[in-house]
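>>> Sequence and predicted structure below; questions after.
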Amino acid sequence: MRIRSLFFASYRDVIGAAELDLELPAGSTVSELIKLVRAQPGARQLPESPAVAVNQAYASADTVLQDGDEVAFIPPVAGG
């Protein structure tokens, strides 16, 4: 199945792209997607458990993905 992964701010810098389309086996979870993303060149700096949203709703690592899902990797935000 094809998953569209979106990266913002510092995560975009680490990945070197704003988005990646990745192939995963049917029934894969967010955790498995994170492992696949971290295996990309230069992506080891991405945290092992980043905050993610699946189709614009926060999701946990055990969320099962569906073909065509959009997964946003949300970097930590500092503010004041």
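Happy to help now that I have it.
>>> pLDDT at Ile34, what is it?
With respect to pLDDT, Ile34 has a value of 97.
>>> ugh, wrong one, I meant Ala78
With respect to pLDDT, Ala78 scores 63.
>>> Over to Gln45?
Confidence score, pLDDT, at Gln45: 89.
>>> distance between stretch 32-51 and the chain's centre?
Stretch 32-51 has its C-alpha centroid displaced from the chain centroid by 7 Å (Cα atoms, centre = their mean, to the nearest Å).
>>> try stretch 12-23
Offset of stretch 12-23 from its chain centre (Cα atoms, centre = their mean): 9 Å.
>>> For that stretch, which residues meet the burial criterion?
Within stretch 12-23, the residues scored as buried using 16 or more other Cβ atoms under 10 Å are Val14, Ile15, Leu20, Leu22. For every residue, glycine as well, the C-beta is placed using N, CA and C.
>>> Work out the gap between the lowest-mean-pLDDT helix or strand in the chain and the centre of the chain.
Within the chain, no helix or strand scores below helix 9-15, which has a mean of 92 by mean pLDDT, DSSP states H and E. Put simply, helix 9-15 sits 11 Å off its chain's centre (Cα atoms, centre = their mean).
>>> cool, stretch 57-68 as well?
Mean-position distance between stretch 57-68 and its chain equals 10 Å (Cα atoms, centre = their mean).
>>> ok, now stretch 49-61?
With Cα atoms, centre = their mean as the basis, stretch 49-61 stands 8 Å off its chain's centre.
>>> got it, and stretch 13-27?
Centroid separation for stretch 13-27 versus its chain: 7 Å, with Cα atoms, centre = their mean.
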